[in-house]
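> kindly generate the corresponding structure for this input.
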Amino acid sequence: QVQLVESGGGLVQPGGSLRLSCAASGFTLDYYAIGWFRQAPGKEREGVSYISRADGVKYYADTVKDRFTISRDNGKNTVYLQMNSLKPEDTAVYYCATVSKITVRDGRLSGTYDYWGQGTQVTVSS
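Next up is the predicted model:
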(Lines give C-alpha, C1' and ligand atoms only; values in the text may rest on other atoms or scores of the structure.)
Protein backbone atom coordinates (compact mmCIF):
# COMPACT_ATOMS: atom_id res chain seq x y z
CA GLN A 1 0.00 0.00 0.00
CA VAL A 2 1.38 3.38 -1.03
CA GLN A 3 1.62 5.67 1.94
CA LEU A 4 3.23 9.02 2.62
CA VAL A 5 3.50 10.37 6.15
CA GLU A 6 4.37 13.99 6.84
CA SER A 7 5.77 15.13 10.17
CA GLY A 8 7.69 17.98 11.74
CA GLY A 9 5.04 20.65 11.81
CA GLY A 10 4.23 22.75 14.84
CA LEU A 11 3.95 26.22 16.28
CA VAL A 12 6.87 28.56 15.65
CA GLN A 13 7.44 32.27 16.04
CA PRO A 14 8.00 34.49 13.01
CA GLY A 15 11.58 34.19 11.86
CA GLY A 16 11.87 30.68 13.19
CA SER A 17 12.59 27.40 11.41
CA LEU A 18 11.05 23.98 10.98
CA ARG A 19 12.06 20.90 9.06
CA LEU A 20 9.27 18.82 7.62
CA SER A 21 9.78 15.17 6.77
CA CYS A 22 7.93 13.04 4.26
CA ALA A 23 8.43 9.33 4.82
CA ALA A 24 7.26 6.77 2.30
CA SER A 25 6.15 3.22 2.85
CA GLY A 26 4.99 0.60 0.43
CA PHE A 27 7.07 2.00 -2.41
CA THR A 28 10.51 3.35 -3.17
CA LEU A 29 10.48 7.11 -3.02
CA ASP A 30 13.44 7.64 -5.33
CA TYR A 31 11.39 6.37 -8.27
CA TYR A 32 9.19 9.46 -7.98
CA ALA A 33 9.38 13.19 -8.26
CA ILE A 34 8.08 14.67 -5.02
CA GLY A 35 6.37 17.95 -4.29
CA TRP A 36 5.23 19.83 -1.24
CA PHE A 37 2.04 21.83 -1.35
CA ARG A 38 0.14 23.66 1.35
CA GLN A 39 -3.45 24.48 2.09
CA ALA A 40 -4.53 27.34 4.30
CA PRO A 41 -8.15 27.90 5.41
CA GLY A 42 -10.05 29.81 2.78
CA LYS A 43 -7.18 29.76 0.33
CA GLU A 44 -6.37 27.74 -2.75
CA ARG A 45 -3.88 24.93 -2.63
CA GLU A 46 -0.40 26.28 -3.28
CA GLY A 47 2.52 24.36 -4.69
CA VAL A 48 5.55 25.12 -2.53
CA SER A 49 8.44 23.05 -3.80
CA TYR A 50 9.39 20.20 -6.11
CA ILE A 51 12.31 17.83 -6.47
CA SER A 52 12.87 15.58 -9.43
CA ARG A 53 13.56 11.86 -9.25
CA ALA A 54 17.27 12.21 -9.77
CA ASP A 55 17.60 15.23 -7.46
CA GLY A 56 18.88 17.28 -10.34
CA VAL A 57 15.99 19.70 -10.57
CA LYS A 58 14.37 21.67 -7.77
CA TYR A 59 11.68 24.31 -7.99
CA TYR A 60 10.29 26.73 -5.46
CA ALA A 61 7.34 29.05 -5.46
CA ASP A 62 8.38 32.70 -5.33
CA THR A 63 6.63 33.01 -1.98
CA VAL A 64 9.17 30.65 -0.38
CA LYS A 65 12.24 30.99 -2.57
CA ASP A 66 15.49 31.58 -0.65
CA ARG A 67 13.75 30.54 2.58
CA PHE A 68 12.79 26.92 1.96
CA THR A 69 15.02 24.06 0.82
CA ILE A 70 13.85 20.69 -0.45
CA SER A 71 16.07 17.63 -0.29
CA ARG A 72 15.80 13.88 -0.37
CA ASP A 73 17.56 11.01 1.36
CA ASN A 74 16.84 7.96 -0.75
CA GLY A 75 18.56 5.71 1.75
CA LYS A 76 15.94 6.71 4.32
CA ASN A 77 13.13 6.84 1.76
CA THR A 78 12.41 10.36 2.97
CA VAL A 79 12.08 13.85 1.52
CA TYR A 80 12.62 16.94 3.63
CA LEU A 81 11.51 20.55 3.51
CA GLN A 82 13.70 22.88 5.53
CA MET A 83 11.79 26.07 6.24
CA ASN A 84 13.65 29.12 7.51
CA SER A 85 12.64 32.72 8.19
CA LEU A 86 9.05 31.63 8.60
CA LYS A 87 6.29 34.19 8.23
CA PRO A 88 2.70 34.20 9.47
CA GLU A 89 1.54 33.76 5.88
CA ASP A 90 3.32 30.40 5.79
CA THR A 91 0.70 29.06 8.19
CA ALA A 92 -1.03 26.12 6.53
CA VAL A 93 -1.30 22.36 6.43
CA TYR A 94 1.66 21.04 4.45
CA TYR A 95 1.43 17.93 2.32
CA CYS A 96 4.01 15.96 0.40
CA ALA A 97 2.97 14.16 -2.72
CA THR A 98 4.21 12.18 -5.68
CA VAL A 99 4.17 14.38 -8.76
CA SER A 100 3.52 13.19 -12.29
CA LYS A 101 3.62 16.64 -13.86
CA ILE A 102 4.93 20.02 -12.75
CA THR A 103 4.43 23.43 -14.29
CA VAL A 104 6.27 26.56 -13.22
CA ARG A 105 4.71 29.81 -14.38
CA ASP A 106 4.84 33.34 -13.04
CA GLY A 107 6.62 32.14 -9.94
CA ARG A 108 3.95 29.58 -9.11
CA LEU A 109 4.11 25.80 -9.07
CA SER A 110 1.22 23.77 -10.40
CA GLY A 111 1.50 20.05 -9.96
CA THR A 112 -0.42 16.94 -10.80
CA TYR A 113 -0.31 15.18 -7.47
CA ASP A 114 -1.04 11.46 -7.40
CA TYR A 115 -0.53 10.32 -3.80
CA TRP A 116 -0.25 12.46 -0.70
CA GLY A 117 -0.29 12.04 3.05
CA GLN A 118 -2.48 13.38 5.82
CA GLY A 119 -0.51 16.60 6.10
CA THR A 120 1.22 18.35 8.97
CA GLN A 121 0.10 21.66 10.47
CA VAL A 122 2.51 24.57 10.46
CA THR A 123 1.51 27.62 12.47
CA VAL A 124 3.65 30.74 12.50
CA SER A 125 2.56 33.12 15.19
CA SER A 126 3.93 35.20 18.02
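> what's the distance between the residue nearest to Arg45 when sequence neighbours are not counted and Thr63?
Among residues not flanking Arg45 along the chain, Gln39 sits closest, at 5.1 Å (Cβ to Cβ, 6 or more residues apart in numbering). In this view, the C-beta of every residue, glycine as well, is placed from N, C-alpha and C. In this view, Gln39 and Thr63 are 14 Å apart by Cβ to Cβ, to the nearest Å.
> what sits in contact with each of the two?
Common neighbours of Gln39 and Thr63, using Cβ atoms under 8 Å, 6 or more residues apart in numbering, are Glu46.
> more crowded one of those two?
Comparing Gln39 with Thr63 by other Cβ atoms under 10 Å, the one with more neighbours is Thr63, at 17 against 14.
> my guess is that one meets Ser49, correct?
No: distance between Thr63 and Ser49: 10.6 Å, which falls outside the contact criterion (Cβ atoms under 8 Å).
> hey, what's Tyr60 bridged with?
Beta-bridge pairing for Tyr60 (DSSP bridges): Ser49.
> okay then, goodbye and thanks.
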